[in-house]
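> Model the following, please.
(one chain, ligands or ions: 1)
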Amino acid sequence: MSHRTIHLFRKGLWLHDNPTLLGALACSAALFPVYVLDRTFLEGAMGLGPLRWRFILQSLEDLDARLRALGSRLYVLRGSTAAVLNDLVTRWGVTQISYDTEVEPYYACMEREIQALAQERGLQTYTHVSHTLYDVKRIVKANGGSPPLTYKKFLQVLSVLGEPEEPVRDVSAEDFLRCSPPAEPLHEQTYRVPSPADLGLELDSEVLWPGGETHALQRLHKHFQSQGWVANFSKARTVPNSLLPSTTGLSPYLSLGCLSVRTFYHRLRSVCAQSKNHSLPPVSLQGQVLWREFFYTVASATPNFTKMQGNPICLQIDWYHDPEALEKWRTAQTGFPWIDAIMTQLRQEGWIHHLARHAVACFLTRGDLWISWEEGMKVFEELLLDADYSVNAGNWMWLSASAFFHKYTRIFCPVRFGRRTDPQGQYVRKYLPVLKNFPSQYIYEPWKAPEDVQLSAGCIIGMEGLRGTWVMRKPYDFLKWNSNMSPSNGDADHKSRPWTPETLQLSGEVM
Ligand code: FAD
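Numbering: from 1, shown residues only. Next up, the predicted model:
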């Protein structure tokens, strides 16, 4: 009961199911909820782009408002985490630091610094795992000391461990009653959440994914109003090019720490318990959450998980180095409307459907450009709101057939894939308005439209300098590796590739 505690918020920016905060409150006479805006760390180690920055600032505003409603507040400070904590320990007479433990190497490194500080200053530390369903170390241990590398094996290990812990109760005003530290002079100015402008961030795009626990819980509740949808969810049946998300859209909230995955999982479990014929992993919603756990587990015990070199589970591939093609992919200028529309949505909104991620990731790597998955992963890291160390790298390795999945000749056609679920091309028209007047017949392959059709659609394909028209590059201009490839052929011919099936251990799990 006697500690003066700093509770360090890092990813778990929520007050529901927060065992670390709850435990710290129970043994403290004063508790300071702190967030350190460590810009070098956030932009360097975590590769934060502007959209994620905005999401985090909104999440901090929300956390502050929720804490204030309970009689406390958030203290936001800028600087390097260890140095800020060191100062605060002296300023506030701190005896304990509490925080959630995380698996990412950069967080683990920060944790070592906090432990060193604690030792030097004679402080206690109080920690818990909150960002995953299990302490992933337990899963690795139960699998004999190495991570399970297939989902099937992973589920077998979980069946031995039993269900993940239930969420703990929400933090309440009573918990803070005896722990609220006295207000300091200039409190508001010193510790407030900065605005994007304060940080020099220029953001004028519409906010489609407002950050914060409040929005996360609202989104969760909205989905659970339709229990049939939740119980029958099947990932493969969701639509990559629907104009509104056809899946839960919870990933930014799970990834950046506005929603407890245990809360989500146990809500799913209770819906499935009430439904006779619910879907099952890997395609069910529970299955999706377990994919997340799977990648966290493997990442936690795999050196150089986000790299090809030095990564023991990753095939070593002689990828092409082609900065021009990479730039065209990154900036939505490949000339394939389906690919460019997805990359435009990603750039503008920070979220794309899972199968849309499949399409662009396959295109960049094994499908068309033969560029390393690491390059794609870095672009996703910058642009995705839900960018996540373990899940991003894990999925990129999967999609490039570098790890987990090796049916490398199963290629997504950049024309037919999108057309299957959106034959009129509404999605392409939304994100590439320059093509909006093309007849549906040509919307996925506008280069095939006769010249008069292109003229009346107001967009001439691949011809520079025509008055009053927008020029869209023809595809293949930069697809040097295989000039015979026809996008409408579907599967491309990979005979010229450096891989041969003999170099691969084939596996065929469906994600
Ligand atoms: P839902 O289908 O509603 O699933 C619910 C939750 O399950 C998701 O929010 C997510 O936390 C988890 N989940 C779903 N699919 C996967 C999956 N394949 N792997 C791991 N967890 C999953 N997801 C991220 O959260 N961060 C990333 O950085 C990320 N990078 C990806 C990169 C590539 C190349 C690909 C193919 C997929 C990536 N994904 C990533 C996985 C997946 O696409 C997203 O989690 C999902 O589309 C998010 O939308 P949702 O919340 O509506 O998902």
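> Just give the nearest non-adjacent residue to Gln124, would you?
Among residues not flanking Gln124 along the chain, Gln96 sits closest, at 4.3 Å (Cβ to Cβ, 6 or more residues apart in numbering). For every residue, glycine as well, the C-beta is placed using N, CA and C.
> Who does that neighbour form a beta bridge with?
Thr5, Gln124 (DSSP bridges).
> what number of residues lie near it?
20 (other Cβ atoms under 10 Å).
> Would you agree it is in contact with His7?
No. Using Cβ atoms under 8 Å, Gln96 is not in contact with His7, being 9.1 Å away.
> circling back to that earlier point, report the contact partners of the residue nearest to Gln124.
The contact partners of Gln96, by Cβ atoms under 8 Å, 6 or more residues apart in numbering, come to His3, Arg4, Thr5, Ile6, Ala24, Cys27, Ser28, Leu123, Gln124, Thr125, Tyr126.
> filter these to the buried ones?
His3, Arg4, Thr5, Ile6, Ala24, Cys27, Ser28, Leu123, Thr125, Tyr126 (16 or more other Cβ atoms under 10 Å).
> Now do the same contact list for the second one.
Translated: Arg4. Ser28, Ala29, Ala30, Leu31, Phe32, Trp92, Gly93, Val94, Thr95, Gln96, Pro181.
> So which residues on the chain come close to the ligand?
Counting by Cβ under 6 Å from any ligand atom, the residues of the chain close to the ligand are 235, 245, 247-251, 254-255, 285, 288-289, 291-292, 295, 353-354, 357-358, 361, 380, 384, 386-388, 391-392, 395-396, 399, 511.
> Can I have the buried ones of these as a ChimeraX selection?
To isolate the buried ones among these in ChimeraX, judged by 16+ other Cβ under 10 Å, type:
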select :235,245,247,248,249,250,251,254,255,285,288,289,291,292,295,353,354,357,358,361,380,384,386,387,388,391,392,395,396,399,511
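> so where's this protein shaky on pLDDT?
Scanning the chain with the threshold set as pLDDT under 70 gives 1, 463-511.
> what do you get if the cut-off is 80, keeping everything else the same?
1, 180-187, 407-410, 462-511 (pLDDT under 80).
> quick one: furthest residue from the center of it?
Asp452 (43.5 Å; Cα atoms, centre = their mean).
> Does it belong to a helix, a strand or coil?
Here Asp452 is helix, with the state taken from DSSP: H, G, I helix; E, B strand; the rest coil.
> Generate CSV for the buried ones among the contacts of Gln96, with distance to Leu199 as supplementary columns.
CSV is the format used below for the buried ones among the contacts of Gln96 (distance: Cβ to Cβ, whole Å):
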residue, distance to Leu199
His3, 32
Arg4, 30
Thr5, 28
Ile6, 23
Ala24, 29
Cys27, 35
Ser28, 31
Leu123, 30
Thr125, 29
Tyr126, 30
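> which among the residues you listed gets closest to Pro423?
The nearest member of these to Pro423, counting by Cβ to Cβ, is Ala24 at 55.3 Å.
> excluding its backbone neighbours, what's nearest the closest one?
Ser98 is the one closest to Ala24 (Cβ to Cβ, 6+ apart), at 3.7 Å.
> For the one you found, which three-state class applies?
strand.
> Would you mind measuring from it to the ligand?
Remark: distance between Ser98 and the ligand (Cβ to the nearest ligand atom, to the nearest Å) = 25 Å.
> who touches that residue in this structure?
With contact taken as Cβ under 8 Å, 6+ apart, Ser98 is in contact with Thr5, Ile6, His7, Leu8, Thr20, Leu21, Gly23, Ala24, Thr125, Tyr126, Thr127.
> out of those residues, which are inside helices?
Thr20, Leu21, Gly23, Ala24 (DSSP state H).
> Looks to me like Tyr35 is in a helix.
No. Counting by three-state DSSP, Tyr35 is not found in a helix; it is strand.
> got the contact list for it?
Tyr35 neighbours (Cβ under 8 Å, 6+ apart): Leu8, Phe9, Arg10, Leu13, Leu60, Leu63, Leu74, Tyr75, Val76, Leu77.
> Apply 6 Å and report the result again.
Counting by Cβ atoms under 6 Å, 6 or more residues apart in numbering, Tyr35 touches Phe9, Leu60, Val76.
> tell me the contacts of Trp14?
Counting by Cβ under 6 Å, 6+ apart, Trp14 touches Glu213, Cys258.
> Now do the same for it: helix, strand or coil?
Trp14 ends up coil, using three-state DSSP.
> Check the gap between it and the ligand for me.
Distance from Trp14 to the ligand, by Cβ to the nearest ligand atom: 15 Å.
> Please report phi then psi for that residue.
The phi/psi pair for Trp14 (degrees, to the nearest 10) reads phi -140, psi 160.
> Okay, it and Pro423: tell me how far apart.
To Pro423, Trp14 is 41 Å away according to Cβ to Cβ, to the nearest Å.
> Number of residues surrounding the residue of the stretch 51-200 of the chain at minimum distance from the ligand?
Nearest residue of the stretch 51-200 of the chain to the ligand, counting by Cβ to the nearest ligand atom: Tyr151, 10.0 Å away. Burial of Tyr151, expressed as a neighbour count using other Cβ under 10 Å, amounts to 20.
> do Ser72 as well
With other Cβ under 10 Å as criterion, Ser72 counts 24.
> Show the contacting residues for it.
Here Ser72 is in contact with Phe176, Ser180 (criterion: Cβ under 6 Å, 6+ apart).
> Check which helix or strand it maps to.
According to DSSP states H and E, Ser72 maps onto no helix or strand at all.
> What about Pro439, how many residues nearby?
Using other Cβ under 10 Å, Pro439 is surrounded by 13 other residues.
> An error on my part: the question was meant for Ser260.
27.
> What of Pro194?
Neighbour tally, Pro194, other Cβ under 10 Å: 13.
> Run through the helices of the stretch 201-350 of the chain in chain order.
Assigned by DSSP state H, counting those that start in this stretch, the helices in the stretch 201-350 of the chain fall at 213-224, 227-232, 251-256, 261-274, 285-300, 323-330, 337-349.
> Any buried residues in the fourth one, and which?
In terms of neighbour count (16+ other Cβ under 10 Å), helix 261-274 has its buried residues at Val261, Arg262, Thr263, Phe264, Tyr265, His266, Arg267, Leu268, Val271, Cys272.
> Report the angle between that helix and helix 285-300.
With axes from the mean of the first three to the mean of the last three Cα atoms, to 10 degrees applied, the angle from helix 261-274 to helix 285-300 works out at 150 degrees.
> How about residues contacting helix 261-274?
Taking Cβ under 6 Å, 6+ apart as the rule, helix 261-274 contacts 17, 133, 164, 166-167, 224, 227, 230-231, 254, 278, 285-286, 289.
> Buried members of those into ChimeraX, please.
Buried residues among these (16+ other Cβ under 10 Å), as a ChimeraX selection:
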select :17,133,164,167,224,230,231,254,278,285,286,289
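> Columns distance to Ile114 on top of the contacts of helix 261-274, output as a markdown table?
Output for the contacts of helix 261-274, formatted as a markdown table (distance: Cβ to Cβ, whole Å):
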| residue | distance to Ile114 |
| --- | --- |
| Asp17 | 23 |
| Leu133 | 24 |
| Pro164 | 26 |
| Glu166 | 28 |
| Pro167 | 25 |
| Phe224 | 37 |
| Gln227 | 42 |
| Val230 | 39 |
| Ala231 | 42 |
| Leu254 | 24 |
| His278 | 42 |
| Leu285 | 35 |
| Gln286 | 34 |
| Val289 | 29 |
